[in-house]
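Asker: Here is a sequence together with a model predicted from it:
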Amino acid sequence: MKEIRKKSTLYYIHDPMCSWCWGFRPCWLTICKNLRDKINIQYVLGGLAPDTDQEMPEEKQLTIRQTWEQIQQSIPGTEFNFNFWIECKPRRSTYPACRAIIAANNQNPFAGEKMLLAIQTAYYIQAKNPSDNQTLIELAEQIKLDTEQFSTDLISDETQLKLNKQLELRRKLQVYNFPSLVLETERQTVLLDLDYNNPLFILNQINEIIDQDNQ
């Protein structure tokens with residue numbers, strides 16, 4: 001891997017309840033491992049679906065279940081627990097899970113990544129509903145956060161303001177699909193093409209862009 005200037009930033013625009021982000025996780029972890037200490041990596045919450053108390057319509061539930069099946073076919077090894085659709089009352093609401101990432105980061109700069117994995121595992125493997133604040137509080141306890149502080153931060157105006165800033169950054173980067181990767185160098189900002197099964201394809205793009213900047 002070529003040396004990359006510290007001023008370059010790789011933005012990972014995602015949502016903790018985005019099923020394609022779950023499928024992309026192994027590829028993303030490999031990318032991070034290869035770029036560690038060579039580039040700034042910044043997570044950006046995309047905000048897939050705003051707050052709602054309404055149960056998800058049956059048609060939308062069917063669409064998402066079919067998406068899970070498609071992901072399993074496209075990205076071998078991706079696990080989903082389809083009991084979620086039987087045991088939970090799904091809502092089209094991912095903002096609570098996004099706020100949970102922020103609330104976790106308030107306690108520890110590395111806690112957001114732990115909360116992200118906890119949310120994805122609860123949702124896709126354990127058939128729990130991360131749209132519910134109580135589920136998120138239980139996950140905070142699971143990853144050993146101060147649950148009293150987390151519960152307060154989860155619903156605070158300050159946390160919502162922080163989420164709004166991330167949503168604004170996502171719009172500034174002109175990203176409307178999750179996951180997305182945007183590389184920002186001193187000379188250009190580029191939306192990268194993704195291959196969910198081949199991290200080298202993405203790493204090669206980054207190298208090529210850096211090479212262009214160095215010419």
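Answerer: Perfect, thanks for sending it.
Asker: any residues touching the helix or strand residue 171 falls within, and which ones?
Answerer: Assigned by DSSP states H and E, residue 171 belongs to helix 157-172. Contacts to helix 157-172, defined as Cβ atoms under 8 Å, 6 or more residues apart in numbering, come from residues 11, 13, 44-47, 95, 98-99, 102-103, 106, 153. Heads up, the C-betas are built off the backbone N, CA and C, glycines and all.
Asker: Would you map the helices across this structure?
Answerer: With DSSP state H as the definition, the chain shows helices at residue ranges 19-35, 58-74, 84-87, 95-107, 111-124, 133-142, 147-154, 157-172, 199-214.
Asker: Can you tell me which of the ones you listed is nearest to residue 51?
Answerer: Comparing these against residue 51 with Cβ to Cβ, the closest turns out to be helix 95-107 (4.9 Å).
Asker: what about this protein, any weak spots by pLDDT?
Answerer: Low-confidence regions of the chain, defined by pLDDT under 70, span residues 1-6.
Asker: Just name the closest of the contacts of helix 157-172 to residue 202, please.
Answerer: Closest to residue 202 out of these is residue 11 (13.1 Å), distances taken as Cβ to Cβ.
Asker: Mind listing the residues bridging to the closest residue to that closest one other than its chain neighbours?
Answerer: The shortest distance from residue 11 to any non-neighbouring residue, by Cβ to Cβ, 6 or more residues apart in numbering, is to residue 182 (4.4 Å). Residue 182 has these beta-bridge partners by DSSP bridges: residue 11, residue 191.
Asker: Please name the residues that touch residue 182.
Answerer: With Cβ under 8 Å, 6+ apart, residue 182 has these contacts: 10-11, 13, 173, 175, 189-192.
Asker: Who wins on neighbours among the residues you listed?
Answerer: In terms of neighbours by other Cβ atoms under 10 Å, the contacts of residue 182 top out with residue 13 at 25 neighbours.
Asker: residues touching that residue, list them.
Answerer: 44, 46, 170, 173, 175, 178-182.
Asker: who wins for most neighbours among those?
Answerer: Of the contacts of residue 13, residue 46 is surrounded by the most neighbours, 26 neighbours in total, counting by other Cβ under 10 Å.
Asker: follow-up on the earlier one: any chance of JSON lines for the helices of the chain, columns distance to residue 52?
Answerer: Formatted as JSON lines, these follow (distance: least, Cβ to Cβ, whole Å):
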{"stretch": "helix 19-35", "distance to residue 52": "18"}
{"stretch": "helix 58-74", "distance to residue 52": "12"}
{"stretch": "helix 84-87", "distance to residue 52": "18"}
{"stretch": "helix 95-107", "distance to residue 52": "9"}
{"stretch": "helix 111-124", "distance to residue 52": "17"}
{"stretch": "helix 133-142", "distance to residue 52": "14"}
{"stretch": "helix 147-154", "distance to residue 52": "17"}
{"stretch": "helix 157-172", "distance to residue 52": "15"}
{"stretch": "helix 199-214", "distance to residue 52": "34"}
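Asker: which one of those is the most hemmed in?
Answerer: Of all the helices of the chain, helix 95-107 carries the top mean neighbour count, a mean of 24, counting by mean count of other Cβ atoms under 10 Å.
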